[in-house]
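In: 3D, please:
(2 chains, ligands or ions: 3)
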Amino acid sequence: MLPDVLLASFLVIFLWVYTLSGGADFGCGVWDGLASGPRRHQQRQLIKTALGPIWEANHVWLIVVVVVMFACFPLAWSAITTTLFIPLTTMLLGIVLRGSAFVFRSHAGPYVEVRRQWSVLFAVASTVTPVMLGTCLAAVATGRIRMDVKTGKVTTNFFDAWLAPFPLAVGVMTLLLTSFLAAIYLAVEAREGALQDDFRQRGLMAGVLLGVVALGTLALARTGAPHLWQGLVHQPWSIPWQVGTGGVSVAALVLLWRRRFTVARVLAGAQTAGVVWGFGLAMRPYVVVPDVPLGVGMAPLSVQWSVTWVLLLGTPVLVPAFYALFRIFKGSRSASVA
Amino acid sequence: MSDLMAARSLMALSLAFHIVFAAIGMAMPLLMVLAEAQWLRTSDAAWRTLARRWARGAGILFAVGAVSGTVLSLELGMLFPAFMRVAGPVLGMPFSLEGLAFFTEAIFLGIYLYGWDRVAPRWHVLSGVMVALAGVTSAGFVVTANAWMNTPTGFTIENGVVTQVDVWAAIANPAAVSEVIHMVLAAYVAVGFGVAGLHAWLIARGNVAPMHRRAVPLALSVGSVAMVLQLLSGHEAAVMVAKTQPAKAAAMEALWDTQRCAPMELGGYSDDEAERVIGAIRIPCLLSLMTYGSLDAEMKGLKAWPPQDRPRSSVVHFAFDLMVGCGMALLLTALWWGLLVLRRQPWWERRGFLTVLGLATPLGFVAIEAGWVVAEVGRQPWVIQDVMRTSEAVTTVPDLTVPLFVFAALYAVLALTVVLLMRVEVLQQDDGARHEPTSDAEVPRAA
Ligand code: HDD
Ligand code: HEM
Ligand code: HEM
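Out: Ligands and ions are numbered 1, 2, ... in the order given. Predicted coordinates:
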């Protein structure tokens, strides 16, 4: 297979894994902000212990996506970083504040005021970041990032590509998806009945909202991202894919309803795959619609191959390390739930 | 402020912020692992307390290191898209390897920081070792990338687009080895003296907890050994710069006229307008001797370049002196300590020594910042030496002063909070007796 196809597939897979891991970490931050009821302290405590050991590792998936972009898709990346400067900057602010706030508030010791303020920032940053991430991804599909491919000069302004209903709707959808995932994970980890129910309830709410917003977003794609719409609806694989994703989503909700948390978690992962991979498939053959199809403005082949090899050989090396990490901190907990 | 200036300032600010935490991320794991190994070897509880206290404090710093690094990886492309269109592909291989190093570091950091009671001590130490190795590895890759900006190799470029890349030749650029070694040592110097200085200051304030008496020799040994090596490595770096980036070398040394038997100018002010250096101590011929091992080797002066192609010697020369000055001060401190140890003197009772060591706390970090100013401002007007000018690389996005101020404010708040929280960690009086706080004060203990 050609390295450009491999690399594009890697990007989609990494984005999927990032949504499931780092994305859900943002979702946890959302639930931290919305913690309420008699068990709000326990809810926060659970979020804290769930996130602590793993969020930094989860976060690296995003960095790898960025590296693959600038290393192998330099033309697309320069168009993205220029036209999406504003949402990307907002996302960066969110990433910085979320991570810092998380450690600051757990180390605040005697400074109650410090902890309170950083807790607010933690929740706000956890909400804003996934919205921006989804918005940026969708902006790439709108067809409004235009450039002169020869010179690499961007010819659109700094708002059009993302300040529109469709990208923003995808942003909200991303927020709901990550919150939905987080609620299921937290329900699995909670173990204890009432706390588990808190997150089950939140998961159900987020999941239903997600379904509504997802349908609305799909409708918006028709005018907001015509190429994507073609892929999502008019390809031979489109309808089965959409039906499959929808079916899995409903099944995830039903199982969550029936307290089959671990299975619901697996289905939510499949649902996320349906959304993220579906996006990737529908984008074909473009990296940035409509000026940068796959193969245009890419790094020389030597670079594409070397990065491909690093990813192919490196990712398996990471698997045992990730396995150890999750076993140590999640193993005993999740096992006792099933 | 022009947008170019704002972009450069924002880049510089983000890098200067990140490097502090990156240096800690590189060197602190080594100290923690050494302390924990001492605990396992001697069963002396003070070592364990020390390792755990260090790890708690480091937890804050690592997190800020990771998020500030993320800012960089996006900001490079956002502020200098034309630069990244070239550098991204050429450096794609080292950057993707760096990604693997980041994964390794973050995974084992999670195990190290949160796994004290969950994994066997052996495995715990091993995860610490992995963090230490991964930190140095990732620094190696990113500084290799920076060395490539100074001495670019391994690519051909047509109309601003890279057409051919020899991946390995780009990694093996001439400045890479000397720059990487210099940076890694710098991290050990800065963190070694920084940590030793903080504990010395606590001892001087009358804190008698046994862990401080153990912390100082450990951190100071690491810092001192690294500092001695740093002298050699700094010399190596200077020779490399003279050979590959003569304009930077001239700006560093405040050498305006091309001459044989070039003098070393210590201190003083290198006046970019008047094209001469004022008030420096001049040691004749030393520069030629140190660079080429020969008294009458010719060195190019800044006047050999047209003004628009010169780096700002006023800044670069000052930063260079500052770095070397900090290095010398740390070296003397290290020697003093060595003497005390050799003579079996109780260093912990020497107020003078403790005070000097306490004052030396920030010097390594000052040297790191100054060193990067030398490296980066000394390369101007080029972002990739002799290939691309910084002005050609900058983004077309307007009003860059806005993000500049936003990020400046953000970094200021983060820095203040880090200092505030580190004060809590450092000033904690008790030791050993205090349990790891498992829950926030506002959280009721009963589950
Ligand atoms: C603890 C920190 C520290 C100390 C004590 C020193 N340095 Fe340094 N120096 C650095 C930390 C540093 C740095 C921040 O890490 C730099 C920036 C770029 C690099 O690779 O290392 C650097 C760069 C740097 C450069 C420029 C390299 C380039 O542009 O590629 C030179 C010529 C020297 N150093 C020379 C010295 C000499 C002669 C020293 C004598 C004591 C010295 N340094 C001490
Ligand atoms: C972390 C330590 C570093 C510090 C403190 C630092 C400092 C600086 C400073 C002061 C400038 C502004 C120069 C000027 O405008 O005169 C700058 C610019 C820049 N640096 Fe660095 N630098 C560091 C490391 C790096 C590394 C590792 C890279 C690349 C991999 C890099 C890439 C750049 C780029 C692209 C610019 C903007 C273009 C330019 O002004 O040349 N820097 N940095
Ligand atoms: C001389 C300059 C630099 C050195 C020595 C350095 C080294 C390091 C180290 C040791 C870490 C781990 C820090 C920690 O966990 O506290 C780190 C984190 C990071 N650095 Fe830098 N870095 C430098 C500049 C850069 C630049 C220019 C970039 C962007 C291209 C960058 C991107 C990152 C990222 C993304 C992380 C976060 C990794 C994670 O999430 O664990 N760094 N850096």
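
In: Quick check: the residue of chain A nearest ligand 2.
Out: Across chain A, the shortest distance to ligand 2 (Cβ to the nearest ligand atom) belongs to A:Phe70, at 11.3 Å. C-betas here are computed from N, CA, C, even on glycine.

In: What values do phi and psi take at B:Val189?
Out: Dihedral pair for B:Val189: phi -60, psi -50, per degrees, to the nearest 10.

In: While we're on it, how confident is the model there?
Out: As predicted, B:Val189 sits at a pLDDT of 97.

In: what sits against it?
Out: Residues near B:Val189 by Cβ atoms under 8 Å, 6 or more residues apart in numbering or on different chains: B:223, B:226-227, B:230, B:327, B:330, B:364, B:367.

In: same thing but at 7 Å, please
Out: If you count contacts by Cβ atoms under 7 Å, 6 or more residues apart in numbering or on different chains, B:Val189 has them with B:223, B:226-227, B:230, B:330, B:364.

In: same check, this time on A:Pro74
Out: By Cβ under 7 Å, 6+ apart, A:Pro74 lies in contact with A:297, A:299, B:84-85, B:88-89.

In: Name the member of those with the most neighbours.
Out: B:Pro89 (29 neighbours; other Cβ atoms under 10 Å in any protein chain shown).

In: Now B:His382. Nearest residue, chain neighbours left out?
Out: If you look again at residue B:382, you'll see it is Trp, not His. Beyond its immediate neighbours in the sequence, the residue positioned closest to B:Trp382 (Cβ to Cβ, 6 or more residues apart in numbering or on different chains) is B:Arg389, lying 5.9 Å away.

In: Distance of the one you found relative to B:Ala82?
Out: 10 Å (Cβ to Cβ, to the nearest Å).

In: try B:Pro29
Out: Relative to B:Ala82, and taking Cβ to Cβ, B:Pro29 is found at 37 Å.

In: ok, these two, which is more surrounded?
Out: A count of neighbours by other Cβ under 10 Å puts B:Pro29 above the other of B:Pro29 and B:Ala82, at 29 against 21.

In: correct me, but the residue nearest to B:Trp382 touches B:Gln380?
Out: No. Using Cβ atoms under 7 Å, B:Arg389 is not in contact with B:Gln380; the gap is 8.8 Å.

In: More neighbours: which of the two?
Out: Applying other Cβ under 10 Å to B:Arg389 and B:Gln380 shows that B:Gln380 carries more neighbours, namely 20 against 17.

In: where does the more buried one land in three-state SS?
Out: B:Gln380 falls in the coil class when you classify it by DSSP: H, G, I helix; E, B strand; the rest coil.

In: tell me which element the most centrally placed residue in chain B is part of?
Out: For chain B, the residue nearest the mean C-alpha position is B:Ile368 (4.4 Å; Cα atoms, centre = their mean). If you go by DSSP states H and E, B:Ile368 is part of helix B:363-377.

In: cool, and B:Val162?
Out: In this assignment (DSSP H and E), B:Val162 forms part of strand B:161-165.

In: Is B:Thr361 part of a helix or strand, or is it coil?
Out: Going by three-state DSSP: B:Thr361 is coil.

In: Surely it touches B:Ala200?
Out: No. Under the criterion of Cβ under 7 Å, B:Thr361 makes no contact with B:Ala200, lying 8.3 Å away.

In: Sketch out the helices for chain A, chain order is fine.
Out: Using DSSP state H, the helices assigned to chain A run over residues A:3-18, A:24-33, A:40-51, A:55-72, A:74-83, A:85-106, A:112-141, A:165-190, A:193-224, A:226-234, A:238-257, A:261-283, A:301-326, A:332-335.
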